[in-house]
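Undergrad: sequence and predicted structure are below.
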Amino acid sequence: MTIIHTDRLHREFTVGTRLRRRRVTAVADVTLTVEPGDAVGFLGPNGAGKSTTIKMLTGVLVPTSGWARVCGLDPVRQRRELARRIGVVFGQRSQLWWDLPLVESFDLHGAIHRVPSARFRERLDECVQLLDMAPFLATPVRQLSLGQRMRGEVTAALLHSPRLLVLDEPTIGLDLASKERLRGFLSTVNARGDVTLLLTTHDLPDVERLCRRVIVIDRGRVLVDDELSTLRARFAGNRALVVELTEPIPPLLGLPGVVDVSVQAQGLRQRLEFTQAVNAAELIAAVAARAPLRDVAIAEPSIEDLVRALYATEDSPAR
Amino acid sequence: MAQIIGQAIELLGILVVFTQVRSLGGFSSTEVVLMYGLAATAFGLAILCVEQIEKLPEYVRTGQFDVMLLRPLSTLAQLLTADLALKRLGRVGTGLAVLGWSLTTLQLDWTPVRALVAATAPLVGAVILAALFVAANAVSFWLIDGQEAANSVTYGSNFATSYPITVYGPWLRRLMCFVLPGAFVAYFPALALLGRPDPLGLPDALRYSPPLVAALTVALTTLIWRAGVRHYQGTGS
């Protein structure tokens, strides 16, 4: 059975003060389907309509027009039924009980969703082990670090064995190690095939690690809905190598595959933009041969770059 | 403790009035104290059960209400059970004490029906007030800063139901009989207990109607709540 099915899902908001009201379209005729076991990345700049779409799919918002079925249910009319079949993590909203120890929040979740106790134990033990939560299970949620709390949020969303896990910016604000741990866990969960993933993010590595399919949305419209590999091949942006030097030198021109060089801090920092065809390690070696390096960093193309690249090529006739 | 002092002051206020007048709206001091006892017990019970509704404006404003919509439970039930402040039992306790004192002092002519009214009136009154508080707070689904209005209904009701409605002007009386059903919390049950005719000449049947009024209030509140949630889902954040 199709997990998510929408047909011209549309949502408008009234904004402004009492004197000057106007209607803005947050989501414009979004039609999409997601099959079981899929892992879909929902991308787009801030205000593109990602969260609004997710809220319509989870029964928090009523569509202005259009139609949605999630796990075969109408999200608004069958909200409580649907809540038993999906797990939702909003990066900026907690579903845990602030003053309770984490483990008691889990117990409550299990009770609310009437998870049989044997299955609850099994599920919880697995999450605790995979996410390394044992050291802080007894800590009240308000005292957890963001990384610890997010691990708790994801666990809570999975305890009732949902068929669909929706994550709205799950890695926002996390440090690299925490992001990586969460990605590893989600990818394990999805790989088993019984949980479909739908996640929004601004973090390209999240998408690369987790998603097979990418939906790019901007100004409420779906710009692209394709396999990640296809998309990368078509729109891969350039990466950039940022080198910090111990002494100022003239611009590092003429390196193979480098398409742009910009000089900052009087030549102490240089930013070399290079194509996907170039091996970063070789480029670093080539730079090191010409200049005294203090530090290097590689900047991945951002989602915004990707969307910009899409704009340059895709015509959106409706606008 | 602070609550008990607060209630003692309220009660003192009633007694001070009676040092100046022999009767208030046609009722003696002990009879008014009976109404106060009924109202205070009902209010105490109502607040004990639905105090959490006061958090609704905050949940709506911060969007935390989203999380409640994501659980497979009724939103109202989640809100009301978010916390239980047992300290509020103190208010019920003093209410019951005042009620007990006035019932024994009045030397009522006890009949089975009156015993039933005495036992159920605080509970029925609590249901009416609780539903009223929920309905008043549901305003915040439509108005971001509706809390002031809601609070005035909640805490105003405590004061207003403590006096016989005969002391109010006709418009306020009608409001309390037919719009915000405060008269059914203490005034009509007290008439039933005292076995006196209504000084306003309202039908005797009204004094036994509070359970029906409670059911109607709950039904209406449920509708208002549903409309509110639907409006929230239509507004979002």
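TA: Received it, and whenever you're ready, just let me know what you need.

Undergrad: B:Ile4 contacts B:Thr94, correct?
TA: Yes. Using Cβ atoms under 8 Å, B:Ile4 is in contact with B:Thr94, at 5.5 Å. Backbone N, C-alpha and C define where each C-beta goes, glycine included.

Undergrad: now do the contacts for the residue positioned nearest the centre of chain B.
TA: In chain B, the C-alpha nearest the mean C-alpha coordinate belongs to B:Leu129, at 3.1 Å (Cα atoms, centre = their mean). B:Leu129 is in contact with B:42-43, B:46, B:157, B:161, B:185, counting by Cβ atoms under 8 Å, 6 or more residues apart in numbering or on different chains.

Undergrad: most neighbours among these, please name it.
TA: B:Val185 (34 neighbours; other Cβ atoms under 10 Å in any protein chain shown).

Undergrad: can you tell me how far the residue nearest to the centre of chain B is from B:Gly90?
TA: Counting by Cβ to Cβ, to the nearest Å, the gap from B:Leu129 to B:Gly90 is 17 Å.

Undergrad: flag every residue of chain B that's near chain A.
TA: B:63-64, B:66-67, B:69-74, B:230, B:233-236 (Cβ under 8 Å from any Cβ of the partner chain).

Undergrad: so which of those sit within strands?
TA: With strands taken from DSSP state E, there is no overlap with the residues of chain B next to chain A.

Undergrad: out of those, which are buried?
TA: Neighbour-count burial (16 or more other Cβ atoms under 10 Å in any protein chain shown) applied to those gives B:63, B:66-67, B:69-72, B:233-234, B:236.

Undergrad: from the residues you listed, which two are the most distant?
TA: B:Pro72 and B:Gly234 (21.4 Å; Cβ to Cβ).

Undergrad: about what we covered before: tell me the one of the contacts of B:Leu129 nearest A:Val24?
TA: Among the contacts of B:Leu129, B:Ser157 lies closest to A:Val24 (Cβ to Cβ), at 40.4 Å.

Undergrad: residue contacts, the closest one?
TA: B:43, B:129, B:132-133, B:180, B:182, B:185.

Undergrad: can you rerun that using 7 Å?
TA: Neighbouring residues of B:Ser157 by Cβ atoms under 7 Å, 6 or more residues apart in numbering or on different chains: B:129, B:132, B:182.

Undergrad: on that earlier part again, taking the contacts of B:Leu129 one by one, which sit in helices?
TA: Using DSSP state H, the members of those that fall within helices are B:42-43, B:46, B:157.

Undergrad: show me which pair in these is furthest apart.
TA: B:Ala42 and B:Ser157, at 9.5 Å, using Cβ to Cβ across those.

Undergrad: columns distance to A:Ile217 and pLDDT on top of the buried ones among the residues of chain B next to chain A, output as a markdown table?
TA: Output for those, formatted as a markdown table (distance: Cβ to Cβ, whole Å; pLDDT from 0 to 100):
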| residue | distance to A:Ile217 | pLDDT |
| --- | --- | --- |
| B:Gly63 | 21 | 83 |
| B:Asp66 | 20 | 90 |
| B:Val67 | 24 | 90 |
| B:Leu69 | 22 | 92 |
| B:Leu70 | 22 | 92 |
| B:Arg71 | 27 | 92 |
| B:Pro72 | 28 | 92 |
| B:Gln233 | 21 | 80 |
| B:Gly234 | 21 | 72 |
| B:Gly236 | 17 | 53 |
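
Undergrad: now whichever residue of chain B sits closest to chain A: how far from B:Cys49?
TA: Nearest residue of chain B to chain A: B:Pro72, at 3.9 Å (Cβ to the nearest Cβ). Remark: distance between B:Pro72 and B:Cys49 (Cβ to Cβ) = 23 Å.

Undergrad: now do B:Arg71
TA: 20 Å.

Undergrad: could you find the closest non-adjacent residue to the residue of chain B closest to chain A?
TA: A:Ala83 (3.9 Å; Cβ to Cβ, 6 or more residues apart in numbering or on different chains).

Undergrad: list the buried residues of the helix or strand hosting the one you found.
TA: Using DSSP states H and E, A:Ala83 falls within helix A:79-85. Neighbour-count burial for helix A:79-85 flags A:79, A:82-85 (criterion: 16+ other Cβ under 10 Å).

Undergrad: give me the mean pLDDT for it.
TA: Average pLDDT, helix A:79-85: 94.

Undergrad: just the CA coordinates for that helix, please, in CSV.
TA: Taking Å, rounded to 0.1, in the frame of the first residue of the first chain, the C-alpha atoms of helix A:79-85 are listed here in CSV:
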residue,chain,number,x,y,z
ARG,A,79,-5.9,12.1,13.2
ARG,A,80,-5.8,9.8,16.2
GLU,A,81,-5.9,6.6,14.2
LEU,A,82,-3.0,8.0,12.0
ALA,A,83,-1.0,9.0,15.1
ARG,A,84,-0.8,5.3,16.0
ARG,A,85,0.8,4.5,12.7
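
Undergrad: going C-terminal from it, what's the next secondary structure element?
TA: Under the assignment DSSP H and E, the closest C-terminal helix or strand after helix A:79-85 is strand A:86-90.

Undergrad: so does that next one get close to chain B?
TA: Yes. With Cβ under 7 Å from any Cβ of the partner chain as the criterion, chain B is reached by strand A:86-90 at A:88, A:90.

Undergrad: any idea how far the closest residue to chain B within the stretch 1-150 of chain A lies from B:Gly228?
TA: When scored by Cβ to the nearest Cβ, the stretch 1-150 of chain A has A:Ala83 as its residue closest to chain B, at 3.9 Å. Note on A:Ala83: its distance to B:Gly228, by Cβ to Cβ, is 19 Å.

Undergrad: thinking again about what came up before, which of the buried ones among the residues of chain B next to chain A sits closest to A:Asp99?
TA: Nearest to A:Asp99 among those, with distances taken as Cβ to Cβ, is B:Val67, at 15.1 Å.

Undergrad: ok, the closest one - contacts?
TA: Taking Cβ under 7 Å, 6+ apart as the criterion, B:Val67 is in contact with A:93, A:95.

Undergrad: A:Thr33 touches A:Met1, doesn't it?
TA: No. Under the criterion of Cβ atoms under 7 Å, A:Thr33 is not in contact with A:Met1, lying 11.0 Å apart.

Undergrad: the more surrounded of those two?
TA: The residue with more neighbours, out of A:Thr33 and A:Met1, is A:Thr33; 13 against 9, by other Cβ under 10 Å.

Undergrad: who does that one bridge with?
TA: Taking DSSP bridges as the rule, A:Thr33 bridges to A:His5.

Undergrad: can you give me the end-to-end span of stretch A:54-61?
TA: Distance between the two ends of stretch A:54-61: 9 Å, counting by Cα to Cα, to the nearest Å.

Undergrad: residue boundaries of the helices in the chain?
TA: If you meant another chain, say so; for now it's chain A. Going by DSSP H, chain A shows helices at A:50-57, A:79-85, A:102-112, A:117-130, A:146-158, A:176-191, A:204-210, A:228-235, A:280-290, A:303-313.

Undergrad: could you do chain B instead?
TA: Going by DSSP H, chain B shows helices at B:2-20, B:29-50, B:56-62, B:65-69, B:75-80, B:89-105, B:112-137, B:147-160, B:170-174, B:187-194, B:210-235.

Undergrad: how about the second one, which residues are buried there?
TA: Residues of helix B:29-50 classed as buried by neighbour count (16+ other Cβ under 10 Å): B:29, B:31-50.

Undergrad: next one: the third one
TA: Residues of helix B:56-62 classed as buried by neighbour count (16+ other Cβ under 10 Å): B:56-57, B:59-60.

Undergrad: what does that helix contact?
TA: With Cβ under 7 Å, 6+ apart as the test, helix B:56-62 has contacts from B:65, B:79, B:137, B:140-141, B:144, B:146-147, B:232.
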